[in-house]
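Undergrad: any chance you could fold what I've pasted below:
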Amino acid sequence: MSAASRLLAVLARRGLTLSVAESCTGGLVSHLLVSVPGASRVFAGGAVAYSPALKERLLGVSPATVERETVVSAAVAEEMARGAAERLSTDVALSVTGVAGPPSPDDPAPCGTVWFGLFAPDGVRSTVRRFPGGRAAVRRAAARFVLRWAESVLAGSAPAAPAAD
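TA: Residues are numbered from 1 along each chain as shown. A predicted model of the protein is given here:
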């Protein structure tokens, strides 16, 4: 069973709906979710907000937060998740923001640095990981990680590092 299938099953058992806010993964998280038959029972949809301006307009990320923290930060990941849940009317939302590569002059974070946000009924949280490899590898690893992390948190068994797919 895939990470997306496991997450959707946990959400369905709990009667919760899901949305996503993606940046560096460019819709890959949504793709993995909608690849699961029956995903529409839980997954409402998502937004790919690649630019800081769209993160602000579409997801309600504060311009002050972006200026103070940069878009690759815990604060922005959390605001993206909260904004997705509020604006897409879901119980749970995931967010992904990071540097897949090449390095960006706008952000000092090293390539492969990705922040993840999770908005859930019990609050919002974030975590960070640094993935090796090129742009495609970082995007794939980040998309898979956020699904495993969310499933482990929502199932109440959040290990230090979720099991591999």
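Undergrad: all contacts plus neighbour counts: C-alpha atoms, from now on.
TA: Noted.
Undergrad: what's the biggest helix by length in the chain packed up against?
TA: When the chain is parsed with DSSP state H, its longest helix is helix 135-154. With contacts taken as 3 or more C-alpha pairs under 8 Å, 6 or more residues apart in numbering; DSSP states H and E, helix 135-154 sits against helix 3-14, helix 28-34, strand 92-98, strand 113-120.
Undergrad: where's the helix or strand hosting Gly83 relative to the chain centroid, distance-wise?
TA: Taking DSSP states H and E as the definition, Gly83 sits inside helix 74-88. Chain-centre distance of helix 74-88: 9 Å, with C-alpha atoms, centre = their mean, to the nearest Å.
Undergrad: could you give the angle of that helix to strand 92-98?
TA: With axes from the mean of the first three to the mean of the last three C-alpha atoms, to 10 degrees applied, the angle from helix 74-88 to strand 92-98 works out at 140 degrees.
Undergrad: so what does helix 74-88 touch, helix or strand wise?
TA: strand 18-22, strand 43-48, helix 52-59, helix 63-69, strand 92-98, strand 113-120, strand 123-130.
Undergrad: change it to 6 Å
TA: If contacts are counted by 3 or more C-alpha pairs under 6 Å, 6 or more residues apart in numbering; DSSP states H and E, helix 74-88 sits against helix 52-59, strand 92-98, strand 113-120.
Undergrad: how about it: buried residues?
TA: 74-86, 88 (16 or more other C-alpha atoms under 10 Å).
Undergrad: again, but for stretch 2-9
TA: Buried residues in stretch 2-9, counted by 16+ other C-alpha under 10 Å: 3-9.
Undergrad: output the helix holding Gly83 as PDB, restricted to C-alpha atoms.
TA: Taking Å, rounded to 0.1, in the frame of the first residue of the first chain, the C-alpha atoms of helix 74-88 are listed here in PDB:
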ATOM      1  CA  ALA A  74       8.700  26.700   9.300                       C
ATOM      2  CA  ALA A  75       6.500  29.900   9.600                       C
ATOM      3  CA  VAL A  76       5.700  29.900   5.800                       C
ATOM      4  CA  ALA A  77       5.000  26.100   5.700                       C
ATOM      5  CA  GLU A  78       2.600  26.500   8.700                       C
ATOM      6  CA  GLU A  79       0.900  29.600   7.100                       C
ATOM      7  CA  MET A  80       0.500  27.700   3.800                       C
ATOM      8  CA  ALA A  81      -1.100  24.700   5.500                       C
ATOM      9  CA  ARG A  82      -3.400  26.900   7.600                       C
ATOM     10  CA  GLY A  83      -4.400  29.000   4.500                       C
ATOM     11  CA  ALA A  84      -5.100  25.900   2.400                       C
ATOM     12  CA  ALA A  85      -7.400  24.400   5.100                       C
ATOM     13  CA  GLU A  86      -9.200  27.700   5.600                       C
ATOM     14  CA  ARG A  87      -9.500  28.700   1.900                       C
ATOM     15  CA  LEU A  88     -10.400  25.200   0.600                       C
END
